[in-house]
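Peer 1: Sequence and predicted structure, then a few things I'm wondering about:
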Amino acid sequence: MAGSNGHDGARPVLGVGMVGYAFMGAAHSQGWRTVGHVFDLPLTPSLAAICGRDASGVRAAADRLGWAAAETDWRALIARDDVDLVDICTPGDSHAEIAVAALEAGKHVLCEKPLANSVEEAEVMAEAAERAAANGQLAMVGFNYRRVPAIALARRMVADGRIGTLRHVRAHYLQDWLVDPAFPLTWRLQRPHAGSGALGDLGAHAVDLAQYLAGEPVTGVSALTETFVRERPLLDGASSGLSAAGGGDAGTGPVTVDDAALFTGRFASGALASFEATRFAAGRKNALTIELNGSHGTLAFDLERLNELSFHDHTEPAERAGFRRILATEPEHPYLEAWWPPGHGLGYEHTFTHQARDLVTAIAEGAQPHPSFADGLQVQRVLAAVEESAAKNSVYTPIPA
Ligand code: SOE
C-alpha cells in the first residue's frame, strides 16, 4: 500500500486523507504540510483529501489547510484510491468506527489520542490493528508529546541508565480554560462525545509520557476525580480550538465528564507515580510537567519551556552536583538534524511534523511505529481504572496486563 499513488521525483507518494478539521485537524495538517520540506523522507506525503460533515466548512478548511480535495462522508474518504493513510482527528466517539473501517480497507491509520472512549472500543481497535499488521498496514496513536526533542532525549537517557533505578514519576497536565462557569458545554464536556474530561484529554498524555519515559506500564491506581461546574450554558454557534461562546437563549445542560483527576500509581518495578490533570488551574495554559527521580539522578521537563531538559546527575560529587539545563537544540538531539542552528528552538507545532516523519518512515520500512494501538489500549485501561477507583472512593484498582 505504501507509495501506491505514484512518484514525486524519485520518491513514491503516500496519499494522506484526514477526517476532522478543527484544532487537531489544523495541527496535523501543519505536520503533513511541512514534513516533506524539512526531513529527507523515503516517501512523499501528499495532502490528498480532508473530510468533514459540513460541505462549505470542509471546503474552506481544505483551501486554508492545503488539502487537494474535500469529502463530506468519511467512508468516501477511505474509499479513495489516492488515500493510503487515514488520519483521524475527530472527537473520540468516532475513532473506533473510522479506524477499524480504514484498516479493513487496507489503509494505514493515525488516530488522535485518547485512542477511544472506552476500553472495549480500544480493544476492538487494537485487534483490528493487529490483523492489519499482518497485511503490512500500520496504526499509530497521536501522542504527539513523545516527539518533543527534549522528551525523546529524556527517553534515551533513561534507557541508557543515566538516572539509574527509577523511584518516582511525577506528571501534571494543567490548563485553565474551564475556570469561567460561563464557558459553554462543548463536546469536550460531554461523555458521549469525549469519553471523559480532563482525564482523557490531558491525563492520557501524562500517563502515556510516564509509561514511555519509564519504559514500563502502570499496574494500578488510586484516584480522585471531580466535576466542579456541573451545569453550563449550551453552545451558541461554533466552537474553535478551546474557545467557544455560550450564554444566549439556548439554556444550559449538564457537564457529564470530570473537570479534574488526581491519582497515584505503581509501576511493576516498584516505582511510584503521581498524576494530576485539570482544566481549572488558573494561569496554567498548557502546563505539562514530568519529573523522574532515579537512584543516579533526576530528569525534569516542562512543556512551557519545551526546548529544555533539566538533569541532575547524582553520581557527581555533592560539591559540584546540581540541576543543569540541557538545551535540546543541537543537531545531535532527536529530530534536530533537520531544523535550525543550535539555540534557535522549536515549538508545539513541530511535534506534529515529527509525528508525521516517524509514521512515514515506519511505513516505508514496514516497521511498527510507537505508540501502537496496543499502547493506546494500555493507556485506556489506566484511564478506566482511574474512573473505577474514583467511583469507589480511591480504592486501589489494578490494571489488567
Ligand atoms: C485541549 O485540552 C488540548 O488541545 C488537548 O486535547 C491536546 O491533546 C493537548 O495537546 C493540548 O490541549
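Peer 2: Noted; the coordinates are in hand.

Peer 1: Following element in sequence after the helix or strand hosting Arg64, please.
Peer 2: Using DSSP states H and E, the secondary-structure element containing Arg64 is helix 55-65. Following helix 55-65 in sequence order, the next helix or strand is strand 69-71 (DSSP H and E).

Peer 1: For the helix or strand just after that next one, what is the distance to the chain centroid?
Peer 2: As assigned by DSSP H and E, the chain's next helix or strand after strand 69-71 is helix 74-79. How far helix 74-79 lies from its chain's middle: 24 Å, per CA atoms, centre = their mean, to the nearest Å.

Peer 1: now do stretch 311-320
Peer 2: How far stretch 311-320 lies from its chain's middle: 34 Å, per CA atoms, centre = their mean.

Peer 1: Ok, stretch 137-149 next?
Peer 2: Relative to the centre of its chain, stretch 137-149 is centred 7 Å away, using CA atoms, centre = their mean.

Peer 1: Which pLDDT value goes with Trp339?
Peer 2: In the predicted model, Trp339 carries a pLDDT score of 97.

Peer 1: just to revisit the earlier point, distance between the helix holding Arg64 and the chain's centre?
Peer 2: Between the mean C-alpha location of helix 55-65 and the chain-wide mean there is a distance of 24 Å, by CA atoms, centre = their mean.

Peer 1: which outside residues touch it?
Peer 2: Helix 55-65 is contacted from outside by 21, 25-26, 29-30, 33, 47, 49-52, 67-72, using CB atoms under 8 Å, 6 or more residues apart in numbering. Quick note: C-beta positions are derived from backbone N, CA and C, even for glycine.

Peer 1: again, only this time at 10 Å
Peer 2: The contact list for helix 55-65, computed with CB atoms under 10 Å, 6 or more residues apart in numbering, reads 18-22, 25-26, 28-30, 32-33, 47, 49-52, 54, 67-72, 238.

Peer 1: wait, Met31 sits on Phe352?
Peer 2: Not Met; residue 31 is Gly. Yes - using CB atoms under 10 Å, Gly31 makes contact with Phe352 at a distance of 3.1 Å.

Peer 1: Overlap in contacts, those two.
Peer 2: In terms of CB under 10 Å, 6+ apart, Gly31 and Phe352 are both contacted by the residues Gly142, Asn144, Arg147.

Peer 1: Got phi/psi on the last one?
Peer 2: Going back to what we said before, that points to Arg147. In this entry, Arg147 is assigned phi and psi values of phi -100, psi 10 (degrees, to the nearest 10).

Peer 1: Leaving out sequence neighbours, find the closest residue to Pro271.
Peer 2: Careful, residue 271 is Ala and not Pro. Spatially, and ignoring its direct neighbours in sequence, Ala271 is nearest to Leu166 (4.3 Å; CB to CB, 6 or more residues apart in numbering).

Peer 1: Next, count neighbours for the one you found.
Peer 2: The local packing of Leu166 (other CB atoms under 10 Å) involves 21 other residues.

Peer 1: returning to what we had before: return the subset of the contacts of helix 55-65 lying in strands.
Peer 2: Counting by DSSP state E, the members of the contacts of helix 55-65 that fall within strands are Met18, Val19, Leu47, Ala49, Ile50, Cys51, Ala69, Ala70, Glu71, Ala238.

Peer 1: Adding distance to Ala122 and neighbour count, write the residues you listed out as TSV.
Peer 2: Rendered in TSV, the data for those read as follows (distance: CB to CB, whole Å; neighbours: other CB atoms under 10 Å):
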residue	distance to Ala122	neighbour count
Met18	21	31
Val19	18	27
Leu47	28	19
Ala49	27	22
Ile50	25	30
Cys51	22	31
Ala69	31	17
Ala70	30	20
Glu71	26	24
Ala238	29	11
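
Peer 1: Among the residues you listed, find the lowest-pLDDT one for me.
Peer 2: Ala238 (69).
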